[in-house]
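**Student:** Would you be able to build a 3D model of this:
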Amino acid sequence: MRRIALTTALVSTVFLAACQTGGQEDLPPAAPQGVDGRWTSVGGPVSYSANFTNGQFRSVEQATGAVLAQGTYSNLGPGQISIVYRPTTRNEEVAANCNQVEANKLACATSTGNRFELLRA
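**Tutor:** The predicted structure is shown next:
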């Protein structure tokens, strides 16, 4: 009788542990928040990636790895950022305001009237 109780307790413990650890694997990964990380351009004449890291912005042409622009960014509020950057092709700062329209999508407009979109890589 004692052996049956011990076996039942052991099986119950193993089953409970399996239920607790198995459930964690089924959870979808949390959606990234904020803009930090690597993003890629959508459309446009040149395919590039943009990196946002600790307030620093840098865009690089994907085909060659050449730096296209560098600057800074700041958070304006939930889902809104401001980028101030200097393209390597001209010695003039450009400002852009971006809205994080989805967790993995930024829609931006520059002070010169250009629009661009970025997708999280």
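
**Student:** And stretch 86-105, what's buried?
**Tutor:** Buried residues in stretch 86-105, defined by neighbour count with 16 or more other CB atoms under 10 Å: 94, 96, 98, 100. Quick note: C-beta positions are derived from backbone N, CA and C, even for glycine.

**Student:** Could you take those residues and lay them out as a markdown table, with extra columns for pLDDT, secondary structure and distance to residue 41?
**Tutor:** Converted to a markdown table, the buried residues of stretch 86-105 look like this (pLDDT from 0 to 100; DSSP: H, G, I helix; E, B strand; the rest coil; distance: CB to CB, whole Å):
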| residue | pLDDT | secondary structure | distance to residue 41 |
| --- | --- | --- | --- |
| 94 | 96 | strand | 15 |
| 96 | 98 | strand | 13 |
| 98 | 98 | strand | 13 |
| 100 | 96 | strand | 16 |
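
**Student:** now the strands for the chain?
**Tutor:** With strands called from DSSP state E, the chain shows them at 37-41, 48-53, 56-61, 67-77, 80-87, 94-102, 105-110, 115-120.

**Student:** just to revisit the earlier point, need the buried residues of stretch 86-105 in CSV (columns: distance to residue 111).
**Tutor:** As requested, the buried residues of stretch 86-105 are exported to CSV (distance: CB to CB, whole Å):
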residue, distance to residue 111
94, 6
96, 7
98, 12
100, 19
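
**Student:** And the residues you listed, which two are furthest apart?
**Tutor:** Greatest spatial distance among these (CB to CB): 94 and 100, at 19.6 Å.

**Student:** for this structure, where's the lowest mean pLDDT among helices and strands?
**Tutor:** None of the helices or strands of the chain scores lower by mean pLDDT, DSSP states H and E than helix 2-25, at a mean of 42.
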